[in-house]
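Trainee: quick one, structure for this:
(chains A and B)
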Number of protein chains: 2
Amino acid sequence: MSTVTTPSPAWLPDAALAPLGTGLVHLPDDGPLTDTLRGEVEHATAVHGGRLTDRPETADLLLLTRRTAGAVAARVEAVRYALDADRRPGELVTARPRPGRWVTARRSGVTVVVGDDPAALLHGAFALLRRPLLDGDVVGEAPAHPVRMLDHWDNIGAHPVMGRVERGYAGDSLFFDDDGVRADLSRVERYARLLASTGINAVAINNVNVHAREARLLTDDLPDVARVAEVLRRWGIRTHLSVGFAAPVTLGGLPTADPLDPDVAAWWAATTARVYDAVPDFGGYLVKADSEGQPGPFGYGRDHADGANVLARALAPHGGTVHWRAFVYDHRQDWRDRSTDRARAAHDHFAPLDGRFEPNVVLQVKHGPMDFQVREPVSPVIAAMPRTALAVELQVTQEYTGQQRHVCYLGPAWSQVLRFAFDDAGDSVATRATGGLAAVSNAGTSPFWTGHPLAQANLYAFGRLACEPSVDPDRLLEEWVHLTFPKAAPDVRASVHRLMACSWQVYESYTAPLGVGFMVRPGHHYGPDVDGYEYTPWGTYHFADRDGIGVDRTMATGTGYTGQYPEPWRSRYESLDACPDELLLFFHHVPYGHRLSSGTTVVQHVYDTHFAGVEAVEQMVGEWAALRGRLEEDVHAEVTERLAEQLRSAREWRDQLCTYFWRHSGIPDEHGRRIHP
Amino acid sequence: MSTVTTPSPAWLPDAALAPLGTGLVHLPDDGPLTDTLRGEVEHATAVHGGRLTDRPETADLLLLTRRTAGAVAARVEAVRYALDADRRPGELVTARPRPGRWVTARRSGVTVVVGDDPAALLHGAFALLRRPLLDGDVVGEAPAHPVRMLDHWDNIGAHPVMGRVERGYAGDSLFFDDDGVRADLSRVERYARLLASTGINAVAINNVNVHAREARLLTDDLPDVARVAEVLRRWGIRTHLSVGFAAPVTLGGLPTADPLDPDVAAWWAATTARVYDAVPDFGGYLVKADSEGQPGPFGYGRDHADGANVLARALAPHGGTVHWRAFVYDHRQDWRDRSTDRARAAHDHFAPLDGRFEPNVVLQVKHGPMDFQVREPVSPVIAAMPRTALAVELQVTQEYTGQQRHVCYLGPAWSQVLRFAFDDAGDSVATRATGGLAAVSNAGTSPFWTGHPLAQANLYAFGRLACEPSVDPDRLLEEWVHLTFPKAAPDVRASVHRLMACSWQVYESYTAPLGVGFMVRPGHHYGPDVDGYEYTPWGTYHFADRDGIGVDRTMATGTGYTGQYPEPWRSRYESLDACPDELLLFFHHVPYGHRLSSGTTVVQHVYDTHFAGVEAVEQMVGEWAALRGRLEEDVHAEVTERLAEQLRSAREWRDQLCTYFWRHSGIPDEHGRRIHP
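Mentor: Take a look at the predicted model:
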């Protein structure tokens, strides 16, 4: 049908494939996933001069599963070394035995990857690219959780303003065009390869806001969904669908979607069976219910455990999972109503349901209590439901973080969330996320996949963190830079790394300060509008007046949200003195002259960070300009253009924020910089 | 094609036609317009029991032109009386002889209308409906200006948010559907009848923002434009088209649209000649140039006289007119730039061009310097261009005045503009509007034509004011109520009148105060958002801070806009003391505690008017509720629903405005009413 321009190779350019392609490679397994891997090796060897070999003892690289490794072990020392690694104390094999695990070893110049299963072998082979082993090293790796999921907010019908991808900033949908699933899925194949190389193994292909046309993916369009699943399957990725809770009514013609109605349960069971007829390894359903206008169990006087469980029971016989979003709040709030606090909503709704969900329900919780702001506390729901499988949802698409026009490497933000410790005994977000990680994808048909070429790093980092939540985000950035620009000189790579490493903090510095959030233009969410949400029904207010700003969420005098946290955070957030500066305005309403623990006042902090933020962007622009001619020209040109917009926008943020705070506080800048009146 | 539901008869229900239909009617003229009138009389007599007669001496009502009146005068005393009226001192015939004039008289129970031409006779016959004569009265009437124009902002392609009619709040376009001009123009015929009954005689059928599809109305679609013109012509209305200044390029394939290029002039001449081949009485072009993204002469280094004149020369041989809009300003202003003042723009651009326009150019000037806010000073352009034909543009569609969800009878607002005296010698806006009045229509395919049934009064009042700028708007309202609800009891009509009479002042009282304007939600312009435009590129700011609010447009310390007015207004607006309260914040930036000439402070004025405004709407709701069962049920139900929304919205305005002013000023309400924190 359409001609697909070859998109950027992203972090898998041919030059990066050298570790797979320079020598003699032994790959004795068979089966679909191994065929995929064999294709990779064949491509890599064609480029780099190596070749496949049937003779293990001559191989420089052996790619094996446990099934095939035994036979080879007798003939190759490196394989024995790898297989024995578990039994030797002090080796680097720290990952507990888990599905998806692989071990890598090098011995006398021979490299071995042994996967516990074919998918693990595929992932282990890709891992070689980013982490060439030193002589003698043995490394075991396994994904922290069996499901690492990307959610696409893609539609078939295009929204008049947003286009086909809700909150998409990277061109059109990879999966759909006007007619439904694209006829040509070659770009999906390339995308699946990129995802598989980071460890992603589940993709929900359609938007959680399920409109009428997209609802039919579950029924009429199953043959097309099967075509997508066939492509993704080759890369070890299972296909999931977002479904509407009212589907029994809208698709099934039933008079109700009441989850306790036997006809409804039967409809879901029969419908789901048909899905599995078409897609035997179908992953399951993703559901946004009773949220922002979507139908849900509340409409039938049922709770969300009832709602999720009816779907779970339909999926269970087939091995499928319900990802049920906890993003439920009143989006028609009255700004005059100071007793309602949107931040409380998920905990209020879901914590009482702990223990009531079927085992194959994963409650998908946004990392913060609001909506993917540049800075939020972690959601207290994550600590509150020990008897429920929880997935933490991140947002790779940069809805509130510059919309892929600003450089904003989110690895450090996500890592901070995952490492957040509820107590000193190691009870962290990562350990609580027993359902794994999920995220909204930032990819589309743009030539660089993600609009901004440097936004690829977020897609990469998410997949890697979903496998290894404790990995240093700075190392992930290094991996991504190394893979993406393999031919660039070390100083060029260092420059790209430097430019991106703190870009999240830079973005925060010139946008909404101190955790206050939502100072964006309503609707499209790009650019500053300090009061834009102040009188709206969305529950996102800062309550600035001539004296101060911030939301009092304390138990003592505010909405009581702090009480949703376990100790010590409950007390820490409750206390004006102990509350971390970066979240001060999320938890407290304070005078502009309030002194932060950093020693400066709130208003002076706003001035200082906003001027500093723009200066940092100016430096980024300069640093990037110096790379001209030393990187791929198209990447350089694209980033240059976007950096110019970032600088314009950062100045706009700085000037609006400074003017706003000056107009409200009447307090001038201590350093006498120019603030517009 | 489509089935058109019969729309409301608006102010021409059968019951209102009694003055034309109860007796024997003599109508001896012939010709197309008289055929139209004869149809009206035939319909009226069929309903009311009268009939047409060939014998003038037996007639109760004689409808004559000067051409036919002479022959009848000898046989009917009332006709002699009417024809002699001009020569008798002290009669009510005050209108100077002008095209379109008619005289009405009653004598011994016989009523006579004598029109100077067939259109005048049609208008005079409709005038009978609204003003049944007392015995012995003689009235002469003539429109103040030969052109009374309505502009439709209708498109063929539908905008994803606004639909087919830009700033339309009354359903779909009367003229267009997806395919172009509608196949079924029966609703246009009904619309033309309504317009003709008020004196409108010119309609621009398409949006001044001319997009690619609509541009072709000028060329490919001429046969369809001719079909519209044929319908409108029957009611004495000429058809006009909005055209894009770049048409020679976009339609003609020329390399330039430079107005001084001979090929461009030739293209306009040839194109215009073809328009007149299709529509011999074509009215002319309406042009929005160099405004909000539309192309214009600035793009070729020419001024707006050059631009308008090239079109005027093409139209002149055919008797057509260019309506050239003076709405030219920088819509990409930087809010940080305090030296640019959008209010100045039209005067800065156009005043220097006075005397340079061709005689058939009408410069169409919005009544205020900004954009149809609920309260603006009159545009200083109107006093500044004595050698240019100026049309004053009003906005019947309620973009900024409640979008036909709020009752807002605009007659008093328009009347205030038209009566505004530049000096004590009678130099008013009405006398300066030598090019007449034009307005943006509020009509569409809604069952009540205008969405809100009571918004019909604005359409009615505009047509009447375009003919008679000095008429009392309260009398126009009385006419409209009388015609629209002819069967209602007098107390019902009085109630409707009371509810509407001050509705503009009520709307002002709960929206943006003291002339400050633009506190609406950006984009759709409905509902409050005090800071919504504060940091945008649109040049519409109020500069509120913790100390005060308003725009300093003085010569002494501000933008100098006051200097664009002649004395005494220049000094009056310049002076903080002499400036009228209702425009204070348009001209001055003042502290919240500034005392108005009314005796109250600015902030207390905001509190008082906003609470009073909501109370007034509550009264309107109650008053309307009491009319249930005493008016047409569909009208009552529709208005009831819209009043509920108006009340909700008015409370929202009150609460946002009061909270905003309290948060900024810190000054509590003197009367201790509840203001949300």
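
Trainee: for the stretch 1-150 of chain A, what spans make up the helices?
Mentor: For the stretch 1-150 of chain A, helices defined by DSSP state H, counting those that start in this stretch occupy the ranges A:18-21, A:32-48, A:66-73, A:77-84, A:118-130.

Trainee: tell me which of the ones you listed lies nearest to residue A:533.
Mentor: helix A:118-130 (40.6 Å; C-beta to C-beta). Where C-beta positions appear, they are placed from N, C-alpha and C, glycine not excepted.

Trainee: if we can go back for a sec, deepest in the core, which of the helices of the stretch 1-150 of chain A is it.
Mentor: Most buried of the helices of the stretch 1-150 of chain A, by mean neighbour count (mean count of other C-beta atoms under 10 Å in any protein chain shown): helix A:118-130, with a mean of 24.

Trainee: next, residue A:180: phi, psi?
Mentor: The phi/psi pair for residue A:180 (degrees, to the nearest 10) reads phi 130, psi -140.

Trainee: that one and residue A:157 touch, don't they?
Mentor: No: applying C-beta atoms under 8 Å as the test, residue A:180 and residue A:157 come out as separate, 10.1 Å apart.

Trainee: any idea how far apart the tips of stretch A:589-609 sit?
Mentor: 20 Å (C-alpha to C-alpha, to the nearest Å).

Trainee: rounded mean pLDDT for it, please.
Mentor: Mean per-residue pLDDT for stretch A:589-609: 98.

Trainee: mind listing what's buried in that stretch?
Mentor: Neighbour counts over stretch A:589-609 (16 or more other C-beta atoms under 10 Å in any protein chain shown) mark A:589-590, A:592, A:594, A:596, A:600-609 as buried.

Trainee: do stretch A:256-276 as well
Mentor: Buried residues in stretch A:256-276 (16+ other C-beta under 10 Å): A:257, A:258, A:259, A:261, A:264, A:265, A:267, A:268, A:269, A:271, A:272, A:275.

Trainee: and the contacts of that stretch?
Mentor: For stretch A:256-276, contacts defined as C-beta atoms under 8 Å, 6 or more residues apart in numbering or on different chains pick out A:218-219, A:222, A:225, A:241, A:245-249, A:251-252, A:254, A:282, A:295, A:297, A:299-300, A:302, A:306-307, A:309-311, A:313-315, A:318, A:320.

Trainee: drop anything exposed from the residues you listed.
Mentor: A:218, A:222, A:225, A:241, A:245-249, A:251-252, A:254, A:282, A:295, A:297, A:300, A:302, A:306-307, A:309-311, A:313-315, A:318, A:320.

Trainee: the residues you listed in strands, which ones?
Mentor: residue A:241 (DSSP state E).

Trainee: who does the residue nearest the centre of chain A form a beta bridge with?
Mentor: For chain A, the residue nearest the mean C-alpha position is residue A:439 (3.3 Å; C-alpha atoms, centre = their mean). Beta-bridge pairing for residue A:439 (DSSP bridges): residue A:150, residue A:394.

Trainee: so for it, what's the pLDDT?
Mentor: pLDDT, read off for residue A:439, is 98.

Trainee: that one against residue A:151, yeah?
Mentor: Yes: counting by C-beta under 8 Å, residue A:439 touches residue A:151, with 6.8 Å between them.

Trainee: just give me the neighbour total for the residue of the stretch 351-500 of chain A found nearest chain B.
Mentor: Relative to chain B, the nearest point of the stretch 351-500 of chain A is residue A:405 (17.7 Å; C-beta to the nearest C-beta). By other C-beta atoms under 10 Å in any protein chain shown, the residues close to residue A:405 number 21.

Trainee: name the residues of the stretch 151-300 of chain A found near chain B, please.
Mentor: Within reach of chain B by C-beta under 8 Å from any C-beta of the partner chain, the stretch 151-300 of chain A has these residues: A:160, A:161.

Trainee: how close does residue A:442 sit to residue B:635?
Mentor: As judged by C-beta to C-beta, to the nearest Å, residue A:442 and residue B:635 stand 53 Å apart.

Trainee: which one of those two is surrounded by more residues?
Mentor: residue A:442 (30 against 18).

Trainee: contacts for whatever helix or strand residue A:232 lives in?
Mentor: Secondary structure assigned from DSSP states H and E places residue A:232 in helix A:222-233. By C-beta under 8 Å, 6+ apart, the residues outside helix A:222-233 that reach it are A:32, A:175, A:180-181, A:185, A:188-189, A:192, A:203, A:205, A:217, A:238-239, A:241, A:274-275, A:278-279, A:281-282.

Trainee: and stretch A:639-657, by the same measure?
Mentor: A:402, A:404-407, A:452-454, A:510-511, A:513, A:519, A:526-530, A:606, A:610-611, A:613-614, A:617-618, A:620-621, A:624-625, A:628, A:675-676, B:336, B:535.

Trainee: out of those residues, which end up buried?
Mentor: For those, buried by 16+ other C-beta under 10 Å: A:402, A:404-407, A:452-454, A:510-511, A:513, A:519, A:526-530, A:606, A:610-611, A:613-614, A:617, A:620-621, A:624, A:675, B:535.

Trainee: nearest to chain B within chain A, name that residue for me.
Mentor: Closest point on chain A to chain B, by C-beta to the nearest C-beta, is residue A:160, at 2.7 Å.

Trainee: surely that residue meets residue B:161?
Mentor: Yes: the pair residue A:160 / residue B:161 is scored as a contact, 6.7 Å apart, by C-beta under 8 Å.

Trainee: pretty sure residue A:386 is touching residue A:422, no?
Mentor: No: checked against C-beta under 8 Å, the pair residue A:386 and residue A:422 is beyond contact range at 10.9 Å.

Trainee: which ones are touching the nearest residue to residue A:437 once chain neighbours are set aside?
Mentor: Leaving aside its sequence neighbours, residue A:437 sits nearest to residue A:466 (C-beta to C-beta, 6 or more residues apart in numbering or on different chains; 4.2 Å). Contacts for residue A:466 (C-beta under 8 Å, 6+ apart) come out as A:143, A:144, A:145, A:148, A:149, A:198, A:199, A:200, A:436, A:437, A:439.

Trainee: in strands, which of the residues you listed fall?
Mentor: A:148, A:149, A:437, A:439.

Trainee: can I get the buried part of the residues you listed as one PyMOL selection?
Mentor: A single PyMOL command selects the buried members of the ones in strands among the contacts of residue A:466 (16+ other C-beta under 10 Å):
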select buried, chain A and resi 148+149+437+439
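
Trainee: Serialize the ones in strands among the contacts of residue A:466 to JSON lines and add fields for distance to residue B:82.
Mentor: Formatted as JSON lines, these follow (distance: C-beta to C-beta, whole Å):
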{"residue": "A:148", "distance to residue B:82": "92"}
{"residue": "A:149", "distance to residue B:82": "87"}
{"residue": "A:437", "distance to residue B:82": "90"}
{"residue": "A:439", "distance to residue B:82": "84"}
